[in-house]
Every structure is written in structure tokens, then in C-alpha cells.
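# quick one, fold the following:
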Amino acid sequence: PPNPQPLSPQAPELLAALDNKGASPAHFAAIYGHEGILLLIGERDPASLMLLDEDGNSPAHDATRHNRLGPLKLIVDRCPSLIYGSNNKGQRPIDLAERNDIQTFLKTSEKASMVPAVQLQNLTKEARMLNAQNACLALYCRHHWDTSGLGQEKKHFVPQPDPEASVPNLEYGLINNEFLRTMPRAHIATLERVENRELHDSFMKTRDKVKERMGKNWSDDKCERWLFYLSNSTDKSDKFSAGKFRVTSGEHSKHGEGIYFAREASHVDDSIAGSSKGESERKMLLCRVVVGQMFNGKPDHKVPFTAESKRGQPRYIDTVVDSTEDPITFAIGEPTCAYPTYLITYRP
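Just a heads-up that it's a prediction; the model follows:
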């Protein structure tokens with residue numbers, strides 16, 4: 001195929017053009033092993049690397065299917081979240097890998113990546129794009145975690161969008177949109193990404209165990225969610241430190257004992273408003289939470305949660321909720337089922 005370098009400055013939209021089956025230039029470059037074209041697309045229009053064809057395949061799927069390790073490395077380096085994306089048949093790139101070196105690369109990338117393969121609920125992107133969470137991560141993944149100081153908590157400020165920037169700050173934009181969805185009058189003062197590899201590793205181990213236990217019942221968009229930490233404690237000394245989630249019990253545990261989270265930011269703001277009177281700023285944690293198997297909660301539920309199965313044998317329940325049909329409030333029993341991903345400081 002012709003060199004796209006002279007074309008892209010004149011007609012950049014061609015980098016995201018689709019054929020009659022929804023395939024983009026990135027798909028063809030992945031199939032035929034044109035690493036130079038993939039590099040150009042990654043520099044000029046990285047979102048094009050995330051386009052899906054009519055079968056739900058990303059360029060990472062095509063590179064894997066056609067045994068193109070070099071192109072696959074370029075794609076994953078630019079957009080690591082693509083290794084988690086599933087096509088219409090529920091296949092991730094690793095499910096299509098036949099060569100041992102490609103399988104090893106994808107497995108290693110999964111272990112090394114700090115990228116969750118989940119959606120931010122209530123957010124959508126254009127058709128043929130991966131879900132909003134992956135679009136956010138396309139930019140998020142450029143900011144590799146600081147690997148020094150294993151186990152030490154660090155917070156990385158996520159900059160607010162620059163109106164003149166050629167590439168939008170999707171990470172900030174999506175978090176801001178999700179927060180303002182139920183807090184339209186609030187203003188985010190700072191957004192910090194919490195980076196703690198040790199805590200994240202513990203979370204990932206728990207996530208893998210729950211996923212393995214649930215088997216075919218596991219669903220990324222239902223069993224793992226982005227939720228706001230709901231704390232009734234007025235002690236703010238360790239409220240927003242890694243691994244300091246508090247178990248709520250007694251009068252505040254309406255749906256049972258556990259660590260509480262809410263789908264809506266406004267729900268959390270209402271709970272802390274009383275203890276924050278007179279303060280110009282408040283804080284809230286947006287967390288990645290494995291909810292796993294959910295059950296309608298009751299005040300007398302204790303950790304660990306159990307419920308009777310059809311055969312009369314107890315089964316483990318990961319989360320109790322206000323409603324399994326459309327849950328808003330969640331309570332988990334295991335602290336490692338949640339990772340505090342973003343610390344939001346805001347003005348109500």
C-alpha cells in the first residue's frame with residue numbers, strides 16, 4: 001500500500017476511514033504487518049487504533065490472528081487496554097493466539113498492566129469505538145506508574161483539559177463527566193490518580209479468584225464496576241489512604257455489614273455533607289470494585305455473606321446491594337475487592 005505519510009497531514013480523516021466491513025487502516029496494517037503505518041496512526045490519531053470492525057475486532061485481534069508480533073507490540077504499547085477488549089464472540093486477543101511467543105507476550109502484558117478492562121457506567125462513545133472506559137485508558141496508559149517505592153502510595157495529578165490541546169484529556173474528561181452526572185453544580189478542584197502497586201496486586205489477585213469461581217457467570221460490565229466510596233465516618237485522618245476502607249455496621253448498615261459504595265456521587269456527597277459544613281472543599285474516592293455475585297441485603301447480614309442455594313447448600317456472596325435489578329448502593333465484605341483509583345477534591 002502507498003506510504004500514508006504524505007496523505008495524513010492533508011486528509012487526517014483517512015486514518016480513521018472504514019471499509020464496508022468496518023475495517024480501518026489500522027486493521028489492515030495489523031493484518032499485513034506494516035509497522036510504519038501503525039506508528040504513524042499512533043502518533044497522528046491514536047483513537048483510530050481502537051476502532052472496531054463489524055465483528056467487534058480491534059487491530060490487536062487482527063495482529064494476533066495473523067501472527068504479527070511486531071505490530072501487536074506497537075498497538076499494545078500505545079493502547080494497553082486493547083488486550084482486554086472482547087469481540088462479538090466474546091474473544092480477547094489472547095484467545096486467538098496460536099504462537100507461543102504471542103501468548104507469552106499477551107500474558108506478560110496483562111500482568112504488567114495497571115489497566116482495568118471495565119466500563120464506567122452511564123458513559124458511551126461513538127459507534128465502533130471501544131467502551132468509554134477503554135477510550136479513557138488510551139490516554140491514561142501513557143502515564144506509566146512510577147515503579148519505584150514498591151508498596152508506597154503515590155498520587156499523580158491528572159491535569160485539567162487544555163482547550164488548545166490537539167489530543168483531549170479523556171481520562172480527566174470521563175471522570176469529570178461521571179462525577180458531574182449527579183453533581184451538576186459541583187466543581188472538581190483536583191483529580192488525583194492513586195498509585196500503589198502492592199495494593200493493586202492484592203486487588204488483582206482477588207479479582208482473578210472471583211472471576212475463576214464465577215466462571216461463565218462472570219461479566220466485565222456487571223461483576224466489576226466503578227463506584228464511589230461511601231463512608232459514614234467523620235474521622236478523616238485515614239479516610240483517603242490506600243487500604244483504609246472502613247467496615248460499616250450498626251445503624252448505618254442498612255443492607256448489612258460491609259464496606260459501602262455508591263453508584264451516584266450525589267449519594268456520597270449527601271452522606272458527608274453534615275460532617276463537612278463550613279468547609280469549602282470535600283473529598284471523594286472513585287474506586288474500581290469487584291462486586292461479583294450480588295444479593296439483596298438485609299440489616300442483619302454479616303461478613304462473610306452467605307445465602308441459601310436451590311440445593312440448600314450455602315454459597316458465597318461477594319456483595320450485598322439495595323436491589324439486584326438496578327443496584328445503587330453496594331456493600332462488599334472483602335477490602336481487597338476494591339481499589340481506590342481516583343481521589344476527587346471538589347467544591348460543592
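
# low-confidence ranges, the stretch 1-150 of the chain, go.
Applying pLDDT under 70 to the stretch 1-150 of the chain flags residues 1-13, 15, 47, 81, 110-150.

# would you map the helices across it?
Secondary structure of the stretch 1-150 of the chain, counting by DSSP state H, counting those that start in this stretch: helices at 7-10, 25-32, 35-44, 59-65, 69-78, 93-96, 100-112, 132-140.

# what angle sits between the fifth one and helix 100-112?
Going back to what we said before, that points to helix 69-78. Angle between the axes of helix 69-78 and helix 100-112 is 10 degrees (criterion: axes from the mean of the first three to the mean of the last three Cα atoms, to 10 degrees).

# helices or strands next to helix 69-78 in the packing?
helix 25-32, helix 35-44, helix 59-65, helix 100-112 (3 or more Cβ pairs under 8 Å, 6 or more residues apart in numbering; DSSP states H and E). Every residue, glycine included, has its C-beta placed from N, CA and C.

# then the longest one?
Using 3+ Cβ pairs under 8 Å, 6+ apart as the contact criterion, the secondary-structure elements in contact with helix 100-112 are helix 69-78, helix 93-96.

# for V158, find the nearest of those helices.
Nearest of those to V158, taken as Cβ to Cβ: helix 69-78 at 19.2 Å.

# what comes up buried for that closest one?
69, 71-76, 78 (16 or more other Cβ atoms under 10 Å).

# closest one of those residues to A331?
Of the buried residues of helix 69-78, the one sitting nearest to A331 (Cβ to Cβ) turns out to be V76, at 36.1 Å.

# after the helix of greatest length in the chain, next one along is what?
Longest helix in the chain by number of residues (criterion: DSSP state H): helix 197-214. Of the helices and strands lying after helix 197-214 in sequence (DSSP states H and E), the nearest is helix 220-223.

# now for that next one, which elements pack on it?
helix 197-214.

# now the helix it packs on: mean pLDDT?
For helix 197-214, mean pLDDT rounds to 85.

# which other helices and strands does it contact?
Helix 197-214 packs on helix 220-223, strand 282-290, strand 338-347, going by 3+ Cβ pairs under 8 Å, 6+ apart.

# change it to 10 Å
helix 100-112, helix 220-223, strand 224-229, strand 282-290, strand 338-347 (3 or more Cβ pairs under 10 Å, 6 or more residues apart in numbering; DSSP states H and E).

# among the ones you listed, which is nearest K209?
strand 282-290 (9.3 Å).

# for that closest one, list the C-alpha coordinates in PDB.
The C-alpha trace of strand 282-290 is given here as PDB (Å, rounded to 0.1, in the frame of the first residue of the first chain):
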ATOM      1  CA  ARG A 282     -14.700  17.900  50.100                       C
ATOM      2  CA  LYS A 283     -13.100  14.700  49.000                       C
ATOM      3  CA  MET A 284     -14.500  11.600  47.400                       C
ATOM      4  CA  LEU A 285     -12.900   8.300  46.100                       C
ATOM      5  CA  LEU A 286     -13.800   6.800  42.800                       C
ATOM      6  CA  CYS A 287     -12.900   3.100  43.100                       C
ATOM      7  CA  ARG A 288     -12.600   0.000  40.900                       C
ATOM      8  CA  VAL A 289     -14.800  -2.600  42.700                       C
ATOM      9  CA  VAL A 290     -15.300  -6.300  42.100                       C
END
